[in-house]
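[1] Could you work out the structure for the sequence below:
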Amino acid sequence: MKKVFSFFLSSFFLFTLAPLQVEAIGFKISPIRYEVEGKPGDSITRKIQVTNKGLGGKAEMLVQDFLGRDESGSPVFVDTPKGDTSSFTLSSWVNFPEELKFNEEEKKEIIFTIDIPVDAEPGGHYATLFVL
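    Numbers count the residues shown, from 1 in each chain. Purely as a prediction, here's the structure:
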């Protein structure tokens, strides 16, 4: 029996406003949504483009699991402990550079890999990528 897994990796624009600045700064991520199918043991590589919309410096990337939507239509984020390799979490399957350095207004192509465990639970697995 073939087990099919679907993944949803979405991204958000995160903006920070400094008290004395008029302009928003943050990062733009494209594409904003990935849907990927794979089987246990598969390794899937994809890429995203991250654009620094502000001054140069370091950026941190993190992936957080989420469940479907609550009554208001918002995703429900799940705090998965670092190192948790449960067969249902997507965040522990995703590998990418955790820290990046950007120049002002710089674009970078980021390659990430989803390593599906051989004992992964079938069904949908959902996570969001944050660039801070």
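[2] number of nearby residues for residue 124?
    Neighbouring residues of residue 124 were enumerated by other C-beta atoms under 10 Å; the total is 14. (C-beta placed from N, C-alpha, C; glycine too.)
[3] is it fair to say it lies in a strand?
    Yes: checked against DSSP: H, G, I helix; E, B strand; the rest coil, residue 124 lies within a strand.
[4] who does it bridge with?
    According to DSSP bridges, the residues that bridge with residue 124 are residue 6.
[5] next SSE after the lowest-mean-pLDDT helix or strand in the chain?
    Among the secondary structure pieces of the chain, namely its helices and strands, strand 14-16 has the lowest mean (mean pLDDT, DSSP states H and E), a mean of 34. Reading on from strand 14-16 to the C-terminus, the next helix or strand found by DSSP states H and E is strand 25-30.
[6] List the buried residues in the next helix or strand after that next one.
    Sequence-wise, the next helix or strand beyond strand 25-30 is strand 33-38, with elements assigned using DSSP H and E. Judged by neighbour count using 16 or more other C-beta atoms under 10 Å, the buried positions of strand 33-38 are 34, 36, 38.
[7] Direction included, what does strand 33-38 pair against?
    For strand 33-38, the paired strands and their directions (DSSP bridges) are strand 5-11 (antiparallel).
[8] Show the average pLDDT along the partner strand.
    Within the predicted structure, the mean pLDDT of strand 5-11 is 45.
[9] Would you quantify the distance from residue 120 to residue 56?
    As for residue 120, its distance to residue 56 is 39 Å (criterion: C-beta to C-beta, to the nearest Å).
[10] Compare those two (neighbour count), which wins?
    A count of neighbours by other C-beta under 10 Å puts residue 120 above the other of residue 120 and residue 56, at 22 against 12.
[11] if I look at the more buried one, how far off is residue 72?
    Taking C-beta to C-beta as the measure, residue 120 and residue 72 are separated by 30 Å.
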